[in-house]
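just to be clear, the model below is a prediction. Sequence and coordinates:
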Amino acid sequence: MLRLDGVTVRFGERTALDAVDLEVAAHETVCVLGPSGSGKSTLLRVVAGLQQADAGRVLLSGRDQSGVPPHRRGVGLMFQDHQLFPQRDVAGNVAFGPRMHRTDRAETGRRVAELLDLVGLPGAGGRAVTALSGGEQQRVALARALAPEPKLLMLDEPLGQLDRGLRERLVVELRSLFRRLGTTVLAVTHDHGEAFALADRVVVMENGRIAQAGTPLEVWQRPASAFVARFLGFDNITAATVHGERAATGWGHIAVPQGTPQGSTLLLVRPGGVLLRPPDEGLRCTVEARTFRGGDASTVTVLLRPHEGPALEAACTLRDAPEEGIEVGVVFDPREVVALHGGDRADAEPPTEPVSSRS
Amino acid sequence: MDLARREVAAPDAADAPEVPDVADLVRGPAGPEPDATAVAPRSRVGWVRLALMAVPAAFFAVFFGYPVVAIVGRGLREGGQWQLGRIGQVLSDPDILQVVWFTLWQAAASTALTLALALPGAYVFARFDFPGKRMLRAVVTVPFVLPTVVVGSAFLALAGRGGVLDEWFGVRLDTSVWAILLAHVFFNYAVVVRTVGGLWSQLDPRQEEAARVLGAGRLTAWRRVTLPALAPSVAAAALIVFLFTFTSFGVIQVLGGPRYATLEVEIYRQTATLLDLPTAAVLTLVQFAAVAALLAVHAWSLRKRESALSLVPAEHTARRPAGAGQWVLLCSVLGVILVLTVVPLLVLVQRAFGGPDGYGLTFFRALAAQSDSATFVVAPVEAVGNSLAYAAVATVIALVVGGSAAAALTLPDTRRRPGGGAFGLAQLVRGFDALLMLPLGTSAVTVGFGFLVALDEPPLDLRSTWILVPLAQALVGVPFVIRTMLPVLRAVDVRLREAAAVLGASPLRAWREVDFPLVRRALVVAAGFAFTVSLGEFGATVFIARPDAPTLPVAVARMLGRAGESYYGQAMALSTILMLVCAGVLLALERVRIDRQGEL
């Protein structure tokens, strides 16, 4: 459906996209995940034809798109901040695409009504878009993007500006909607929760390059690099030398799963694999802070300062959480230990906070 | 030139974004950069831009550059030789030095007086809420759209020979410089109230409150917080007032008498009366240099002004005056407005209706009579029809030329990276932008005379055609149209266009569907102001209007130049008509603005 061959975009000194190869199959939903400034939005703009690539090709249904202007590409793009036309009402916005494609009036009217039903805004056609709430604007933007029946629908931070409850509901709605319509979707987001919930496949980007691609489960379970791990919120990363099923780390010797590559590498221990014990057992640590995360399991993140080695994060239930300042012992669950690649950058720089996205 | 000044007219800076800020008009190239967004295909947009730029470029080259160069050349060349020695000769003439000195000091005095009277007004409009504020703001704006000749007549009626002050108190100001200074204040009061007051009303009062909480007294807080934020806009307003008064023509022509002449008036006298082209050419160059320097200072002060300010919507900052001091301030500002703005206009109307045998329509009837004198070949009332027709044509020309220039300046940029290329598109666009502002800084008299000198032979023999007048008037309307359209066009989010493109709209279609609905009102406002500017244009028109087809300002000036009570009364009557037309247009524009607010 969509193929990118070595697409490169530079803005002066900065390289926004660095020889990106990407393929999206028909009816597939692919989510590009990355911190602000990683080149996600530029990727969408290149595919839409709003940004020229300095090198590489964009192919849609096998056809090279270089020189094809945006209005002839037949892709849909839902902008981050919706970009609804302020001077048109809801129906006028949704009908814009069909009108540009010279669909006849009756057919357009039918499609507008259909789409407004689909996004859960039946009968809202006459309302002014400026009077809509954020969630409603989002639905109108979606209906507008779907109206010309694009070959490929692209979503730029589709749920970025919505509050949490609405977001979680809309993710589920969108996923079932795309299933039903068989739409091919390429979305970008900085929120891994959103990406995992929405996508068949996620692509993690780092500084204009693809750091990892795979199913949500694969990426979550086996982050390919320290960057990906940190971006997903895992901070227990240490340099290690693996020998057999044991590894020498900053936290002493720990057990690693079978099949871990031998020799020097980086190890990630997921917080769930950091098990708290009485102080005389395992690695001795001081509890520096604890943060209540909420959620169904009443999770608490405990920040530990080991007597040797880098800081550790452990996850436990509220009932098991130790008081701040006391001493505990730590042992590691080998099932939660993962070897990472890209070891050379491990300790260089932690990734930027994935808080806000570039507009 | 005195024509430039009225182009600033607008009801209200704070809530009428489609009307250019005073500063915007003179800003020229300092506007925001075009967006660095790439739209394929690159070359086509480039061609469209070039085509759009060609219209205004050709217009300016033929109807501005060529006449100005022609007249300067005719003045300074003799027998194929440049006579640059004449510059020194002219500038050492004591009479000329006297004119230069007067031009400078009256501009400085007018500016100081305007600031002194208008700054309290700016404060009152910005911070106080009182009944009738909207209407009062419209009243203050009326002088803005009035032709300079009308203002001259109004002050003549108030303070001239046989004027109201003369009758009642035996005071005459027309022989002193005070009439000129007061007329200049009358004109420019709104400039200060708009630029300074507009910003003042948006300054967050909590900034001052924060300073108070940190231990600053009321006065210290104002001096340390508000004043620094305000100072650049005061400086900008002062510069603009100085520029307008420096190039004043119509007011001085009517009120200056034989004693007082600005450079502009002297250029007119040298060309039209003394036929001394070399001197006029030198004076044109002097004025050009002075205005260029002023505009450069202005651009520099604008850059300094681009500091981050904490702005809030104006309606949140105004409150009802409290305490005796604030009421006294409010009342004295109202008093100044009454004396300065309302009284001269009332006196003008009173003179127009006050015939020799009591009040009546005597003078208006006289306007319709076929004149037997050499001053008028036709009945003066025909000037009304001429003016309206000329102004309508000039408006169309200004909209086409200014509209395509504004569109060219805001076309989506095809650059892929900022700052690429030795002489990039950005420089070209900025240079073009600056070029279009040039007529504001050139003597209108020179342009008018240049039309006569340059456009009188084939292939451009336009001297005997009526189109010459609208062309000259359009020339001063164009910068105004551009300044009205640019901010609105630039405010259209590029991504709205992108959204339209992704939904299948071609670039042209996207412009029509996205930009046009948003700029339609700006277009109406631009048309309205281009119309009033054209209606009141005097400096150039006075040269090129044919004797049998005078415009209103030209007819008024001719009548004022004649002795006799009847001519005086008819001048007042014509001025009244002109004032009503201009005020009518302003009120119509006010309606456009209100509609817009009702819609959003």
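Cool, got the structure. Residues are numbered from 1 along each chain as shown, chains lettered A, B, ... in the order given.

just the closest residue of the stretch 101-250 of chain B to chain A, please.
B:Gln202 (22.1 Å; C-beta to the nearest C-beta). The C-beta positions use only the backbone N, C-alpha and C, and glycine is treated the same way.

run through the stretch 251-359 of chain A and note the low-pLDDT ranges.
Along the stretch 251-359 of chain A, segments meeting pLDDT under 70 span A:341-359.

where in the stretch 501-600 of chain B is pLDDT low?
For the stretch 501-600 of chain B (pLDDT under 70), the answer is B:590-600.

and it, which of its residues are near chain A?
B:501-507, B:509-510, B:513-514, B:517-518, B:600 (C-beta under 8 Å from any C-beta of the partner chain).

so which of the residues you listed wins on neighbours?
B:Val502 (32 neighbours; other C-beta atoms under 10 Å in any protein chain shown).

I figured that residue was touching A:Gly74, is that so?
No: using C-beta atoms under 8 Å, B:Val502 makes no contact with A:Gly74, being 9.6 Å away.

okay, and the beta partners of A:Leu17?
Note on A:Leu17: beta-bridge partners A:Val9, judged by DSSP bridges.

just the pLDDT for the closest residue to chain A within the stretch 51-200 of chain B.
Here the stretch 51-200 of chain B gets closest to chain A at one residue, B:Ala51, 18.4 Å apart by C-beta to the nearest C-beta. B:Ala51 is assigned 83 on the pLDDT scale.

report all helices and strands that the helix or strand hosting it contacts.
Assigned by DSSP states H and E, B:Ala51 belongs to helix B:42-60. Packing partners of helix B:42-60 (3 or more C-beta pairs under 8 Å, 6 or more residues apart in numbering or on different chains; DSSP states H and E): helix B:382-410, helix B:425-437, helix B:507-510.

in the following helix or strand past it, what's buried?
Counting by DSSP H and E, the next helix or strand C-terminal to helix B:42-60 is helix B:66-76. Residues B:Tyr66, B:Pro67, B:Val68, B:Ala70, B:Ile71, B:Val72, B:Arg74, B:Gly75, B:Leu76 are the ones in helix B:66-76 that count as buried (16 or more other C-beta atoms under 10 Å in any protein chain shown).

same thing with stretch A:319-339?
A:Ala321, A:Pro322, A:Val328, A:Val330, A:Phe332, A:Pro334, A:Glu336, A:Val337, A:Val338, A:Ala339.

distance to chain B and secondary structure added to those, as a markdown table?
Output for the buried residues of stretch A:319-339, formatted as a markdown table (distance: C-beta to the nearest C-beta, whole Å; DSSP: H, G, I helix; E, B strand; the rest coil):
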| residue | distance to chain B | secondary structure |
| --- | --- | --- |
| A:Ala321 | 42 | coil |
| A:Pro322 | 43 | coil |
| A:Val328 | 47 | strand |
| A:Val330 | 49 | strand |
| A:Phe332 | 49 | strand |
| A:Pro334 | 50 | helix |
| A:Glu336 | 44 | helix |
| A:Val337 | 45 | strand |
| A:Val338 | 40 | strand |
| A:Ala339 | 40 | strand |
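
of all those, which comes closest to B:Leu295?
Of all those, B:Leu295 sits closest to A:Val338, with 66.3 Å by C-beta to C-beta.
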